[in-house]
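> Generate a structure from the sequence data that follows.
(chains A and B)
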Amino acid sequence: MIWVNSVVQGILVGGLYALFAAGLSLIFGVMRLVNIAHGDMIVGAAYLAWTIVHVTGLNPLASLVVVVPLAMVFGYGLQAGILNRTLGKDILPPLLVTFGLSVIIQNGLLALYTADNRKLDAGTLETASYPVMPGVDIGYLPMLQLLTAVAVIAGLQYIFYHSQLGRAFRATSDDAETAALMGLDRRRVFASAMALCLGVVAIAGVFLGVRASFDPAIGPGRLIFGFEAVIIGGLGNLWGTLAGGIILGVAQGIGAQLNPGAQVLAGHLTFLLVLALRPTGLFPRMSG
Amino acid sequence: MSERLLAVEDLQAWYGDAKVLHGLSFTLAAGEILALIGANGAGKSTLLCSICGQLSNKTGTIAFKGHPIHRLAAHEIVMRGIAMVPEGRRLFPSLTVEENLLLGGNANRKGPWSLASVYGLFPVLREKRQAPSTSLSGGQQQMVAIGRALMANPDLLLLDELSLGLAPIIIKDIYALLPRITGNGLSAILVEQDVARALAVAQRFVCLQEGHISLDGAPGAFSRDQISAAYFGM
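Coordinates of the predicted model:
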């Protein structure tokens, strides 16, 4: 029963990893940009939520109503003001700029909020759970986290394949020069994609902060989990990214059951195994 | 016919360090179909890319409906009413046939063309609407590329090498539809390797030779020898 529980809890935490990864996957898919600052942006969103909760007394989940739009505006401005200037044939400049951004965000948060641990308090929701069978309880919060991840992935999937914005994303990704002949300004298309990405980042940041305490330095670790979920699932496939997050979560859960110190290691080893056996991921993009 | 739609004045353009166009000047009247002919490397595609904004390394002026457009980017120029069918079709492989067409309508200009009228022009595309654009034959892909440009409801259509890589019978079919495409008073500039075919549908032609205009006039006004001299520079 202990093993069933590990797997179930792993699946639930996999939802969080999928939330970390969805934005990365989106941005890479649209503009081939690898955003090294992605994890730090998630942590930044958690701090933003913490500040709003602190000032207004809102529940952290309710603070999303403010955090998501603010993050989206930030994302649009970041892409339009900085990252668009780095995009060209050479993939190195955007990588270096986001690396610098990562350093700036970490140190900025350190200066603003100190190195103390913070935590978002979601009240009784955090401890409430539902017993499925003896020895296996499903927490309301982890369940909400997984359902949110599924909803976010489904929403992104819908936008990507059934909306005018999604057509613009795919066309610009295919051939930005020809997309311009259709009246699409790639700078604006990319800024819209980054805004959407930061909206997901905000959701991920709030769930991160509710689940456990955070400090300014944990961003790069979240980035790694996000990367691993994307690669395991296969580049360019959003549902694959969800599966990748869940696989990573389950691997960590089983690892932790074997030996409490092996939790993170088991996730990394699973990632390396997938990379060795299926370098394109388990579900590489099949269409589109 | 006499209203001036496009006026190009002393246009010079470069690809990297290489100067391709050496000071071209010509005008296009509203409703006119202009054939742009010339040998490989004469600058035909460069001229189209300069007009539609894909090429920014240029001097001189290009005026469309009386407004200068030579400093605008490609995505702004299509909004003014110039649509391009690019060489090699350049369909978006991630998009279905219908999505390619819908994207062409992104400019959101009013006019006679819609999904329904494009499907009316090319009925085969309606059957293939959900198919990935890459699964179509070359001729069908060219139909998508033309339909996609028409969806912008342009006032000027730039057609770059319509017949490239297509079977003669398909080329004939597509050219047979050209009067229906330009019937609503749409102007067009047609770049074509097949000189005889281009001159047959055009009211006027411009012959380019090494980045200069070597001949400009109505197809009937010149003999075959005069045109081939302007074409080859002999």
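
> Regarding chain A, what is its longest helix?
Secondary structure of chain A read by DSSP state H shows that its longest helix is helix A:2-31.

> after it, next one along is what?
Sequence-wise, the next helix or strand beyond helix A:2-31 is helix A:38-56, with elements assigned using DSSP states H and E.

> Tell me what angle that following helix forms with helix A:2-31.
Relative orientation of helix A:38-56 versus helix A:2-31 (axes from the mean of the first three to the mean of the last three Cα atoms, to 10 degrees): 100 degrees.

> Now helix A:38-56: average pLDDT?
This predicted structure assigns helix A:38-56 an average pLDDT of 97.

> The chain: strands as residue ranges?
The chain I'm using is chain A. Counting by DSSP state E, chain A has strands at residues A:129-133, A:136-139.

> actually chain B
B:4-15, B:18-29, B:33-38, B:58-64, B:67-68, B:82-85, B:156-160, B:187-191, B:204-209, B:212-217.

> From the chain's centroid, how far away is the shortest one?
Using Cα atoms, centre = their mean, to the nearest Å, the distance from the centre of strand B:67-68 to the centre of the chain it belongs to is 20 Å.

> Packing partners of that strand?
Contacting strand B:67-68 under the criterion 3 or more Cβ pairs under 8 Å, 6 or more residues apart in numbering or on different chains; DSSP states H and E is no other helix or strand. Glycine gets a C-beta too; all of them are placed from N, C-alpha and C.

> who in chain A is up against chain B?
Residues of chain A lying near chain B by Cβ under 8 Å from any Cβ of the partner chain: A:164, A:167-168, A:170-171, A:173-175, A:177-185, A:287-288.

> And the contacts of the longest helix belonging to chain B?
Scanning chain B for the helix with the most residues, using DSSP H, yields helix B:168-182. Outside helix B:168-182, the residues within contact range by Cβ atoms under 8 Å, 6 or more residues apart in numbering or on different chains are B:31, B:33, B:121-122, B:137-139, B:142-143, B:146, B:150, B:157, B:162-163, B:166, B:188, B:194, B:197, B:201.

> do the same with stretch B:54-70
Residues outside stretch B:54-70 that contact it (Cβ under 8 Å, 6+ apart): A:177, A:180-181, B:4-15, B:21, B:23-24, B:46, B:49-51, B:53, B:73-74, B:76-77, B:80-82, B:84, B:155-156.

> ok, the nearest residue to residue A:185 once chain neighbours are set aside - contacts?
The shortest distance from residue A:185 to any residue that is not its chain neighbour, by Cβ to Cβ, 6 or more residues apart in numbering or on different chains, is 4.5 Å, and that residue is residue B:75. By Cβ under 8 Å, 6+ apart, the contact set of residue B:75 is A:180-185, B:53.

> could the strands of chain A be laid out in CSV, adding mean neighbour count, mean pLDDT and distance to residue A:48?
Compiled in CSV, the strands of chain A are given as follows (neighbours: other Cβ atoms under 10 Å in any protein chain shown; pLDDT from 0 to 100; distance: least, Cβ to Cβ, whole Å):
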stretch, mean neighbour count, mean pLDDT, distance to residue A:48
strand A:129-133, 11, 90, 28
strand A:136-139, 16, 92, 25
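
> Looking at these, which is nearest to residue A:97?
Nearest to residue A:97, of all the strands of chain A, is strand A:136-139, at 38.9 Å by Cβ to Cβ.

> who does the closest one pair up with?
strand A:129-133 (antiparallel) (DSSP bridges).

> Residue B:156: how many residues sit nearby?
Neighbour count for residue B:156, taken as other Cβ atoms under 10 Å in any protein chain shown: 24.

> okay but it is in contact with residue B:31, surely?
No: counting by Cβ atoms under 8 Å, residue B:31 is not a contact partner of residue B:156; they are 10.3 Å apart.

> Check the contact lists of these two and give me the overlap.
For the pair residue B:156 and residue B:31, residues contacting each of them under the criterion Cβ under 8 Å, 6+ apart are B:186-187.

> Okay, buried residues for stretch B:209-228 please.
Across stretch B:209-228, burial judged by 16 or more other Cβ atoms under 10 Å in any protein chain shown covers B:209, B:211, B:213-216, B:219, B:222, B:227.

> number of nearby residues for residue 125?
Unless you meant another one, I'm taking chain A. Other residues near residue A:125 come to 15 when the count uses other Cβ under 10 Å.

> wrong chain, I was asking about chain B
23.

> Repeat that for residue A:84.
Neighbours of residue A:84 (other Cβ under 10 Å): 17.

> pretty sure it is touching residue A:192, no?
No: contact between residue A:84 and residue A:192 fails when scored by Cβ under 8 Å: they sit 11.7 Å apart.

> so how far is chain B from residue A:165?
Between residue A:165 and chain B the distance, using Cβ to the nearest Cβ, to the nearest Å, works out to 11 Å.

> check contacts around residue B:12.
Residue B:12 makes contact with B:19, B:21-24, B:58-60, according to Cβ under 8 Å, 6+ apart.

> let's see it at 7 Å
Contacts here follow Cβ atoms under 7 Å, 6 or more residues apart in numbering or on different chains; on that basis residue B:12 touches B:19, B:21-23, B:58-60.

> Among these, find me the one that's closest to residue B:132.
When those are compared against residue B:132 (criterion: Cβ to Cβ), the nearest one is residue B:58, at 35.8 Å.

> I'd like to know how far the closest one sits from residue B:92.
Residue B:58 sits 27 Å away from residue B:92 when distances are taken as Cβ to Cβ, to the nearest Å.

> neighbour count winner among the two?
When residue B:58 and residue B:92 are compared for neighbours, residue B:92 comes out ahead with 24 against 21, by other Cβ under 10 Å.

> And the residue lying closest to residue A:252 once chain neighbours are set aside, how far from residue A:244?
Using Cβ to Cβ, 6+ apart and skipping residues adjacent in sequence, the residue nearest residue A:252 is residue A:267, 4.3 Å away. From residue A:267 over to residue A:244 the distance is 11 Å, taken as Cβ to Cβ.

> Who has more neighbours out of those two?
With neighbours defined as other Cβ under 10 Å, residue A:267 and residue A:244 compare such that residue A:244 has more, 31 against 27.

> Give the closest residue to that one in space, chain neighbours not counted.
Across the structure, with Cβ to Cβ, 6+ apart as the measure, the residue nearest residue A:244 apart from its sequence neighbours is residue A:233 (3.0 Å).

> returning to that earlier point: ok, the contacts of residue B:12 vs chain A, which is closest?
residue B:58 (16.2 Å; Cβ to the nearest Cβ).

> Bridging across strands, which residues link to the closest one?
Counting by DSSP bridges, the residues bridging with residue B:58 are residue B:13.

> neighbours around residue A:233, how many?
Every residue meeting other Cβ under 10 Å relative to residue A:233 is counted, giving 28.

> do the same with residue A:211
Counted with other Cβ under 10 Å, the neighbours of residue A:211 add up to 18.

> Contact partners for it?
Under the criterion of Cβ under 7 Å, 6+ apart, the contact partners of residue A:211 comprise residue A:16.

> and it, how far is that from residue B:198?
Taken as Cβ to Cβ, the spacing of residue A:211 relative to residue B:198 amounts to 67 Å.

> just to revisit the earlier point, list the contacts for the residue nearest to residue A:252?
Residue A:267 is in contact with A:228, A:248, A:251-252, A:255, counting by Cβ under 7 Å, 6+ apart.

> Compare these and tell me which is most surrounded.
With neighbours defined as other Cβ under 10 Å, the most crowded of the contacts of residue A:267 is residue A:248; it has 31 neighbours.

> okay, that one: pLDDT?
97.

> One more: residue B:20?
We note a pLDDT of 94 for residue B:20 in this prediction.

> Also residue B:162?
The predicted structure scores residue B:162 at 89 on the pLDDT scale.

> Equivalent analysis for residue A:225, please.
Predicted confidence (pLDDT) at residue A:225: the value is 96.

> Excluding sequence neighbours, find me the nearest residue to residue 197.
Picking chain A for this. Closest to residue A:197 by Cβ to Cβ, 6+ apart is residue A:23, at 3.9 Å.

> The intended chain is chain B.
Counting by Cβ to Cβ, 6+ apart, the nearest residue to residue B:197 once its immediate chain neighbours are dropped is residue B:175, at 6.3 Å.
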